[in-house]
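[1] Curious how this folds, go ahead:
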Amino acid sequence: MLIDQTHHRWMLCVLALSAVSTLLYILYVNSAPHGPTGGSWQGMAFGIAGSGLMLYAGLLAVRKKLPRWRRLGTAQTWLRGHIWLGLFSVLLILFHAGFRLGGFLEKTLMLVLALVILSGVVGLLLQIYLPRLMKVAVPAEAIYEQIPAACAALCRTADENVQKVCGSLLAGANPAVVTVTTSAAGDDNGDVAAPLREFYREAVRPFLAADYQALSRLPYEARQLASGIHAAAAFEQVRIRVPHNQQETIENLEQICDERRQLMSQQRMHRWLHTWLLIHIPLSVLLLALGLLHAYTAVYY
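    Next comes the predicted model:
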C-alpha cells in the first residue's frame, strides 16, 4: 500500500496531536517537582491513551476477518489508522515513561515496542517499493495465484517447440517427467537433434517444471538457467551446436526461460512481501500481552 494523498489528513492530524501532546508534556514536566513519573495522573493519562492506540492498531487483524462489518470502517481506513496512530502511540508511551526505561519488565516492553515499530516500518517500505520494483523487473508479471498455471503453460509451449524438431519427446502424462523416445531422425550418434534434445532434457525442462524454492536441488545445468547471465551463456553454447533450422527453437526456449525467471522473481518478491508479517504479528501480540502485564503490576504492586 502506497503512502498517497489519502494519508495526508491522517499525517496532519497526527502531527497536530503530537504538537499538542508535546506541549502538555512540557507543562507537565515543569509542574512536577520530582520529574515525570508514570504513576502521576498525567503519566497515567499518557499511558492509557498510548495503550488504547496500540490496542486499536493491534485490532487491524480482527477487522480484516470481518469484511462485511462496514459500520466499523473500511479495512483501508483501519490500515491508515494502524500506521499513523501506531506511530503516535510511541510518543505517548515515551511521555508516559518520562523517557525512562524503568525495571526489567519496562525495559522488555520498550524493546518489544521498538521491534514492533521497526518491523512495521520495514513492512511498509516493502509494500511501497517491491510492487514498483516488480513492475520494472518483472514485465511478465501474472496474478500470483495463477503463477502455477502460467508455468505449466510455459512447459507445454516449450514441449511443443522441441517436439517440432526432435519428434516425440515426452512419455507418460506427468509433465515433470521427461524421457527420450526414438525420434524419426535415428539414434543420438547420427541425430542432428541430439544436442537440443539433451539440453532440453537436462537443463530447460527441469528448470521450467521446478518450484522456485527447489532450485538448489536441481542439476547444475538446470540451476544455471535461474541466472540471466549464465542462461545466456548456456543458450549460446547450444546455439553453435545446432543446425540453422533449430535456431528459432533455441530463441523460443530462451524467451520461455526468461519468462519463467520473471515469474520466479515475482514469487520471491511476494514471499518477501508477506514473510515480515510472521515477525510483526507475533511481536505485536507479545507487546499487547506485556502491556497488560505492566498495567496489572502498576495497579496492584
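[2] Student question: in this structure, what's the helix or strand with minimum average pLDDT?
    helix 60-64 (a mean of 74; mean pLDDT, DSSP states H and E).
[3] And Ile93, which helix or strand is it part of?
    helix 75-97 (DSSP states H and E).
[4] buried stuff in the least confident helix or strand of the chain?
    Leu60, Arg63 (16 or more other Cβ atoms under 10 Å). Yep, even glycine has a C-beta here, placed from its N, CA and C like the rest.
[5] Measure how far stretch 151-165 is from the centre of its chain, please.
    Centroid separation for stretch 151-165 versus its chain: 31 Å, with Cα atoms, centre = their mean, to the nearest Å.
[6] So which residues make contact with the helix holding Ile93?
    Contacts with helix 75-97, where a contact means Cβ atoms under 8 Å, 6 or more residues apart in numbering, come from 1, 6-7, 10-11, 13-14, 17-18, 21-22, 25, 28, 36, 38, 43-44, 46-47, 49-51, 53-54, 56-57, 59-60, 63-64, 67, 72, 106, 110, 113, 117, 120, 124.
[7] three-state assignment of Gly120?
    helix (DSSP: H, G, I helix; E, B strand; the rest coil).
[8] Distance-wise, check it relative to Leu283.
    According to Cβ to Cβ, to the nearest Å, Gly120 and Leu283 sit 9 Å apart.
[9] Tell me how the protein divides into domains.
    5-139+275-300, 144-272 (automatic domain parsing).
[10] Mind telling me which of the ones you listed the model trusts least?
    With a mean of 80, domain 144-272 has the lowest mean pLDDT of the domains of the chain.
[11] Out of the contacts of helix 75-97, which end up buried?
    Buried by 16+ other Cβ under 10 Å: 7, 10, 14, 17, 21, 25, 28, 36, 38, 43-44, 46-47, 49-51, 53-54, 56-57, 60, 63, 106, 110, 113, 117, 120, out of the contacts of helix 75-97.
[12] Show me what counts as buried in the strand or helix carrying Arg271.
    Taking DSSP H and E as the definition, one finds Arg271 inside helix 247-275. Of all the residues in helix 247-275, those buried under the rule 16+ other Cβ under 10 Å are 249-250, 252-254, 256-267, 269, 273.
[13] cool, stretch 111-129 as well?
    So for stretch 111-129, counting by 16+ other Cβ under 10 Å, buried means Val112, Leu113, Leu115, Val116, Ile117, Ser119, Gly120, Gly123, Leu126.
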